[in-house]
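Colleague: Sequence below, structure please.
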Amino acid sequence: MSKSHTAEELVQKQLEHYNAQDVEGFVSVFAEDVQILDHPSGKVRMAGREEMRASYANMFAKNPNNHCTVKNRTVFGNFVIDLEEITGRDNREPYQALAIYEVKEGFISRVWFVEKEE
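Modeller: Model prediction:
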């Protein structure tokens with residue numbers, strides 16, 4: 001990815017690849033040492049592009065109807081905060097999650113996910 005892309009453009013591009021279930025395009029916008037974390041615990045779900053590639057390839061294969069719709073987006077400098085609705089995953093009802101993306105040096109470097117307590 002080019003450093004000329006804005007944080008919002010990078011996050012939008014990863015969303016488009018995610019919805020197309022294009023794992024290579026999806027991981028291409030993330031830093032090699034990306035961290036995917038739970039918030040507020042800070043627990044690391046995934047670390048590194050290779051782990052991310054394997055995890056998402058498996059999830060896409062198991063959930064061919066998986067789709068994410070952004071319900072609200074806030075851009076704050078190099079952070080993009082999306083309220084997302086996910087459908088077609090793991091036989092779950094549609095659910096919402098908050099994703100906080102941090103962009104550094106032209107790549108998404110960290111993502112925090114917040115899911116509502118049921």
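
Colleague: May I see the buried residues of stretch 63-78?
Modeller: Residues 63, 66, 68 are the ones in stretch 63-78 that count as buried (16 or more other Cβ atoms under 10 Å). (Glycine included, C-beta is placed from N, CA and C.)

Colleague: typo on my end, it should be stretch 18-29
Modeller: By neighbour count on 16+ other Cβ under 10 Å, the buried set for stretch 18-29 is 18, 21, 23, 26, 27, 29.

Colleague: Also stretch 89-97?
Modeller: Buried residues in stretch 89-97, defined by neighbour count with 16+ other Cβ under 10 Å: residue 89.

Colleague: Check stretch 5-14 too.
Modeller: Result for stretch 5-14 [16+ other Cβ under 10 Å]: buried residues 5, 7, 10, 11, 12, 13, 14.

Colleague: Show me which pair in the buried residues of stretch 18-29 is furthest apart.
Modeller: 21 and 29 (15.0 Å; Cβ to Cβ).

Colleague: still on that earlier bit, kindly indicate which of the buried residues of stretch 63-78 lies nearest residue 41.
Modeller: For those, the residue nearest residue 41 by Cβ to Cβ is residue 68; the value is 22.3 Å.

Colleague: beta partners of the closest one?
Modeller: Here residue 68 sits in beta bridges with residue 86, as judged by DSSP bridges.

Colleague: returning to what we had before: which members of the buried residues of stretch 5-14 are positioned in strands?
Modeller: Among the buried residues of stretch 5-14, none falls in strands (DSSP state E).

Colleague: which residues in this protein form strands?
Modeller: In the chain, the strands defined using DSSP E lie at 30-38, 44-47, 67-76, 79-87, 95-104, 107-115.

Colleague: would a markdown table of these with mean pLDDT and distance to residue 53 be doable?
Modeller: What follows is those, written out as a markdown table (pLDDT from 0 to 100; distance: least, Cβ to Cβ, whole Å):
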| stretch | mean pLDDT | distance to residue 53 |
| --- | --- | --- |
| strand 30-38 | 96 | 9 |
| strand 44-47 | 94 | 10 |
| strand 67-76 | 97 | 18 |
| strand 79-87 | 96 | 19 |
| strand 95-104 | 95 | 18 |
| strand 107-115 | 93 | 14 |
